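Chemist: Just a sequence and a predicted model for now, questions to come.
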Amino acid sequence: MTLSSNEISATAATSSITLDGEVNHRSAYPYHYKYIRDVILATHKVPWLEQLVGLRKEGWRNEGLDEVYMERQAVIQEPDMETQRFWFEQMRRVMSELDHFGVGLVPPAGEFKFLDIGCAPGGFSSYILTKNRQAHGTGVTLDIFQGGYPVLLEKRCQRRYTLVLRDLLQLDFTYDGAPPPVPLVPIPPSLRDHQYVLVLVDGHHLRHYRPESPSSAPDAPSPPYMAFRDAFFLSQLLLALDALRPGGTLVLKLTHAEYTHTAQILFFLDAISDRLALCKPRVLHRSRATFYAVARGVHVDRAPPGWVSGLRALWREARFGGEVEGMGRALRAGELDFIVSPGEIVEVWLDRLVKLARQVWGIQVRGLQKLFERTGVQPGTAANEQSEHEDQ
């Protein structure tokens, strides 16, 4: 269904009134992020997404889930070794799901070179190196002294693996642009030059991240989370585009497929790849908004002029554009429109987005239902009826 510009504006205006109660400490997204979602709800019959919005609202209103969330954050910030080993094994299972979803993402034999960005605790790399004994990998992660996690890769895999301890926020992605306002480190040759058949992007900006600075005390407080969240994402994406061999596969972790900025990144991946699919592993991600975009046959040179350079310019703004010198900021409405505007997505790509994301929403609905059962939250009967309708 195609909307006129007036109808699009009316949909956004109506939705902004009905969604006022949604933003809290777990959903600090400004309205423009949700614009695409609300157009989908207004123009398409997608019971999974309708139900997902309802379940999220119920979750946000439930104090019991607040406690679950806070407990999870406490564990993430200070995990013991048992927890870290559990994460390692779970990440191996996630990579197994991605491999089977991608129908042989990792070949069982033969030369195979991969890059794992945000590799700790090492489960993705362990799965690949175990399945293919001729594979060689490089992993990038934050040093534990800056808030990162240890890499638990088995000794039998380490001889075919190079671990790079690097703060991605300290790498220089400006290239031929104006020099950054603070000194940054050049990207190491081992992390660029389009040499990897598979690039995995699974890092996430840590709330307890500590910038690498000689003047920073070991017990100094972490900077505000939003100051570097989007800069970190763009750093990972640009590094992946520089490292991936033409025709290779890019696996990129994203969140909220129905949100505007995510839809714009998916549009970008769809344009530069032969095949794009979205995978939401049941392990770890079932009840969360996270999922993986699996882009195969990626050719960065397919991107129209200005797309990659625009990402570099936006990285600079997200990295240094905060109100405090040297600090970053979150992306704003319209800053990815050089790729595709929300209006253009609605006009020409909305059906494609819904087709890609439908199963992602469905898996999260089932995951939230199970989470609610464990914590005593009872979803409404209407939501359950929608779930049954989608299964038919």
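Modeler: Sure thing, it's come through.
Chemist: from what I can see Tyr161 touches His136, true?
Modeler: Yes. Between Tyr161 and His136 there is a contact under CB atoms under 8 Å: 7.3 Å. All C-beta spots, glycine's among them, are computed from the backbone N, C-alpha and C.
Chemist: Give the residue spans of the stretch 201-350 of the chain that score low on pLDDT.
Modeler: Applying pLDDT under 70 to the stretch 201-350 of the chain picks out residues 213-223.
Chemist: Going by secondary structure, Glu82 is in what exactly?
Modeler: With secondary structure defined by DSSP states H and E, Glu82 is part of helix 81-101.
Chemist: Just the buried residues of that helix, please?
Modeler: 84, 87-88, 90-92, 94-99, 101 (16 or more other CB atoms under 10 Å).
Chemist: shaky segments in the stretch 1-150 of the chain?
Modeler: Within the stretch 1-150 of the chain, the stretches with pLDDT under 70 are 1-31, 63-69, 72-77.
Chemist: And what about Val324, helix, strand or coil?
Modeler: coil (DSSP: H, G, I helix; E, B strand; the rest coil).
Chemist: Check the gap between the closest residue in space to it that isn't next to it in sequence and Arg207 for me.
Modeler: Leaving aside its sequence neighbours, Val324 sits nearest to Ala227 (CB to CB, 6 or more residues apart in numbering; 7.9 Å). According to CB to CB, to the nearest Å, Ala227 stands 11 Å off from Arg207.
Chemist: between those two, who's got more neighbours?
Modeler: Ala227 (23 against 14; other CB atoms under 10 Å).
Chemist: Could you measure from the more buried one over to His208?
Modeler: The value you get for Ala227 to His208, if CB to CB is used, is 13 Å.
Chemist: same thing with Arg329?
Modeler: 20 Å.
Chemist: which one of these two has more residues nearby?
Modeler: Neighbours were tallied for Arg329 and for His208 using other CB under 10 Å; the higher tally belongs to Arg329 (20 against 14).
Chemist: Now do the contacts for the closest residue to Glu325 other than its chain neighbours.
Modeler: Leaving out its chain neighbours, the residue that sits closest to Glu325 by CB to CB, 6+ apart is Pro181, at 7.6 Å. Listed by CB atoms under 8 Å, 6 or more residues apart in numbering, the contact partners of Pro181 are 320, 325-326.
Chemist: What of Ala263?
Modeler: Residues near Ala263 by CB under 8 Å, 6+ apart: 36, 257, 342, 345, 349, 353.
Chemist: Just give me the neighbour total for Gly376.
Modeler: Applying other CB under 10 Å, I find that Gly376 has 9 neighbouring residues.
Chemist: ok, the residue nearest to Gly123 when sequence neighbours are not counted - contacts?
Modeler: Excluding the flanking residues, the one nearest Gly123 by CB to CB, 6+ apart is Met91, at 2.5 Å. Going by CB under 8 Å, 6+ apart, Met91 touches 121-124, 127, 202, 284.
Chemist: buried subset of the contacts of Pro181?
Modeler: Neighbour-count burial (16+ other CB under 10 Å) is assigned, among the contacts of Pro181, to Phe320.
Chemist: Relative to Trp48, which of the contacts of Pro181 is nearest.
Modeler: Phe320 (39.3 Å; CB to CB).
Chemist: could you dump the helix or strand where Leu252 lies to CSV, C-alpha only?
Modeler: Here Leu252 sits within strand 244-255, counting by DSSP H and E. Written as CSV, here are the backbone C-alpha positions of strand 244-255 (Å, rounded to 0.1, in the frame of the first residue of the first chain):
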residue,chain,number,x,y,z
LEU,A,244,35.2,-7.8,3.7
ARG,A,245,36.4,-9.4,0.5
PRO,A,246,34.2,-8.6,-2.6
GLY,A,247,31.5,-11.2,-2.8
GLY,A,248,31.9,-12.1,0.9
THR,A,249,29.4,-12.5,3.7
LEU,A,250,28.6,-9.9,6.3
VAL,A,251,26.7,-10.8,9.5
LEU,A,252,25.7,-7.7,11.4
LYS,A,253,23.9,-7.6,14.7
LEU,A,254,21.1,-5.1,14.8
THR,A,255,18.1,-4.2,17.0
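Chemist: those strands in this structure, which residues are they?
Modeler: In the chain, strands defined by DSSP state E lie at 112-117, 135-141, 161-165, 196-201, 244-255, 275-279, 290-298, listed in chain order.
Chemist: Go through these and name the closest to Trp307.
Modeler: strand 290-298 (13.2 Å).
Chemist: where's the residue nearest to the spatial centre of the chain relative to Asp193, distance?
Modeler: With distances taken as CA atoms, centre = their mean, Leu254 lies nearest the centre of the chain, 2.4 Å away. Separation of Leu254 from Asp193 (CB to CB) stands at 25 Å.
Chemist: which one of the contacts of Met91 sits closest to Leu278?
Modeler: Asp202 (14.9 Å).
Chemist: right, and that closest one touches Asp116 too?
Modeler: Yes. Here Asp202 reaches Asp116: they are 7.3 Å apart, a contact under CB under 8 Å.
Chemist: Now list whatever residues contact both of those two.
Modeler: Joint contacts of Asp202 and Asp116 (CB under 8 Å, 6+ apart) are Phe124.
Chemist: Could you pick out the longest helix of this protein?
Modeler: helix 350-375 (DSSP state H).
Chemist: now the angle from that one to strand 275-279?
Modeler: Relative orientation of helix 350-375 and strand 275-279, computed by axes from the mean of the first three to the mean of the last three CA atoms, to 10 degrees: 20 degrees.
Chemist: Against Trp87, how distant is the residue nearest to Glu325?
Modeler: Counting by CB to CB, the gap from Pro181 to Trp87 is 36 Å.
Chemist: count of residues packed around Ser125?
Modeler: Neighbour tally, Ser125, other CB under 10 Å: 30.
Chemist: contacting residues around it?
Modeler: 114, 116, 119, 137, 139, 153, 157, 161.
Chemist: Fine, thanks again, bye for now.
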